[in-house]
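Peer 1: sequence and predicted structure below; questions after.
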Amino acid sequence: MRLLLSNDDGILARGLAALERAAERLGEVYVVAPDREQSATSHSLTMHHPLRPVQIAERRWQVDGTPTDCVMLALEALLPERPDFVLSGVNHGPNMGEDVLYSGTVAAAMEGLALGVPAIALSYAGSVLRADALLDDHAGTIEQILRHLTSLPAFPEHTLFNVNIPPIAADQVQGVRLTRLGRRAYSDSLTKMTDPWGRPIYWIGGGSVSWKDSAIDSDFQAINDGFVSVTPLHLDLTHRDILDRAEQWWRPL
Ligand code: MN
């Protein structure tokens, strides 16, 4: 098996190292990752300056671009052959609910999928500051999940799996739960500050998060209950229910 790894925390991230260690037990690993932090860059593509991949070891490149750039470059230029899977992460912090719309980790997996390669995004759903120590404890969890998802009898078409690992010791994990995206509410995520010249500036991030639903099948609830959460995602944002009920609200032109 040939595996392409990327992430959005940058090539030096401990989460990527944890993913590499697990993936190496499954097959031949290629890493193409951003040369710096690219969290919350979503699915952005660098179009206004060129990208320079730097090969830093065998089967390992860093790129001065976004996670999406990395996967595109890997699949269309750097890898000698197509990988069987694109794996992204392990992100330092959760990617649940609406997070997936901002996440560079999930976007890297989406880009793999958009280019026809089955993909899995993995995130450590705990505090970013504590991610380092606990991530190492989850080497076995990560390997087990990867083994399972890459050997499904039929990896579903047009699907990526979004995996979140609960922020508890590996031996406390209750199991794996198939979930749907929850809905989160951010508050105080904008902090007003003053620059060195006394002008107002704003820093996005931090604040607190609450969840609008606690349905048992949501990603958030699975993590809360100590389970690994696995959410199947697809790229089609069409609101099918609304479309199916068009006769109730749509007036033909
Ligand atoms: Mn990140």
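Peer 2: Now that the structure is in, tell me what you want to look at. Numbers count the residues shown, from 1 in each chain.

Peer 1: contact residues of the stretch 1-150 of the chain facing the ion?
Peer 2: Residues of the stretch 1-150 of the chain that fall close to the ion, judged by C-beta under 5 Å from the ion: Asp8, Asp9, Ser39, Asn91. Every C-beta, even on glycine, is put in place using the N, C-alpha and C of the backbone.

Peer 1: nearest to the ion, of those residues?
Peer 2: Here the nearest of these to the ion, counting by C-beta to the ion, is Ser39; it sits at 3.3 Å.

Peer 1: quick one: contacts for the closest residue to that closest one other than its chain neighbours?
Peer 2: Spatially, and ignoring its direct neighbours in sequence, Ser39 is nearest to Asp8 (5.0 Å; C-beta to C-beta, 6 or more residues apart in numbering). By C-beta atoms under 8 Å, 6 or more residues apart in numbering, the residues touching Asp8 are 34, 37-41, 66-67, 88, 91, 103-105, 107-108.

Peer 1: so what's the residue count around the residue of the stretch 101-250 of the chain found nearest the ion?
Peer 2: Of all residues in the stretch 101-250 of the chain, Thr105 sits closest to the ion, at 5.5 Å by C-beta to the ion. Counted with other C-beta atoms under 10 Å, the neighbours of Thr105 add up to 31.

Peer 1: repeat for Ile242
Peer 2: Neighbour count for Ile242, taken as other C-beta under 10 Å: 11.

Peer 1: gap between it and Leu19?
Peer 2: Spatial separation of Ile242 from Leu19 under the definition C-beta to C-beta, to the nearest Å is 37 Å.

Peer 1: then Phe85?
Peer 2: Note on Phe85: its distance to Leu19, by C-beta to C-beta, is 12 Å.

Peer 1: same thing with Glu98?
Peer 2: Taking C-beta to C-beta as the measure, Glu98 falls 24 Å from Leu19.

Peer 1: tell me which other helices or strands the helix or strand containing Val31 touches.
Peer 2: In this assignment (DSSP states H and E), Val31 forms part of strand 28-34. With contacts defined as 3 or more C-beta pairs under 8 Å, 6 or more residues apart in numbering; DSSP states H and E, the secondary structure elements packing on strand 28-34 are strand 2-6, helix 14-23, strand 60-63, helix 67-73.
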